[in-house]
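K.L.:
Okay, sequence plus prediction incoming.
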Amino acid sequence: MNGLNGETAFLVKDVLVGKYDGRAVGESRNGHVTVTVRMEWLTRQDEYETIAHELVRRPLDFAIMTHRGADTAMFEHMVDYARGFDPARVQELARLAAYHLPSMKAGCVHQSGVNKAPCPVTGYRWGSAWLVEPLPDGFLERVKAVFADVRFKPGQRYDGPMA
Ligand SMILES: [Zn+2]
């Protein structure tokens, strides 16, 4: 199974996580939160440049979407949990969500969001390419662990080949 940019490593679609307090996120009523997670080994290029200007092969990409797009704020306002989820697992999901789209970094480690001057080391210009932030060791296993006790419907989960 291939995505747009690489080989699928892990995919879960529209998994029910539970209910969140709608008023806490500016909505009039509580709502169900569903999550889609896609992880791919990127293979469109032979090598990818990291935010530290190293070249890596087959970096792991990660995207997490809820029913409100990339907004995962409702993870902080859960009032009920679907089967397979609990507060610890949703907190872990919120921590993992901070790594959303690690292959689309506009700046390197020598640049900050405020100072967009060219990199003093390589001259890299802010936003002139997508840099990759390597995910922490064990990231894929952490993601899988969050969903370990979910009962999936047919076609809702896909585990790709190992790296
Ligand atoms: Zn740099």
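P.N.:
Arrived safely. Owing to the predicted nature of the structure, the values given are computational and were not obtained by experimental measurement.

K.L.:
From now on I want contacts and neighbour counts done on CA atoms only, so please keep to that.
P.N.:
Will do.

K.L.:
quick one: average pLDDT of the top helix by length along the chain?
P.N.:
In the chain, assigned by DSSP state H, the helix with the most residues is helix 87-97. The pLDDT scores in helix 87-97 average 96.

K.L.:
Now do the helix or strand just after it: everything it contacts.
P.N.:
Going down the chain from helix 87-97, the next helix or strand is helix 139-146, by DSSP states H and E. Here helix 139-146 makes contact (Cα atoms under 8 Å, 6 or more residues apart in numbering) with Phe10, Met39, Phe85, Arg89, Val90, Glu92, Leu93, Leu96.

K.L.:
wait, isn't Ala9 in contact with Thr43?
P.N.:
No - applying Cα atoms under 8 Å as the test, Ala9 and Thr43 come out as separate, 11.9 Å apart.

K.L.:
what about the two, which has more around it?
P.N.:
Shown here are Ala9 and Thr43; by other Cα atoms under 10 Å, Ala9 has more neighbours (23 against 16).

K.L.:
Is the more buried one in a helix, a strand, or coil?
P.N.:
The local conformation at Ala9, judged by DSSP: H, G, I helix; E, B strand; the rest coil, is strand.

K.L.:
what sits against the nearest residue in space to it that is not next to it in sequence?
P.N.:
The shortest distance from Ala9 to any non-neighbouring residue, by Cα to Cα, 6 or more residues apart in numbering, is to Gly160 (4.2 Å). Gly160 makes contact with Met1, Glu7, Thr8, Ala9, Phe10, according to Cα under 8 Å, 6+ apart.

K.L.:
Brilliant, that's me finished.
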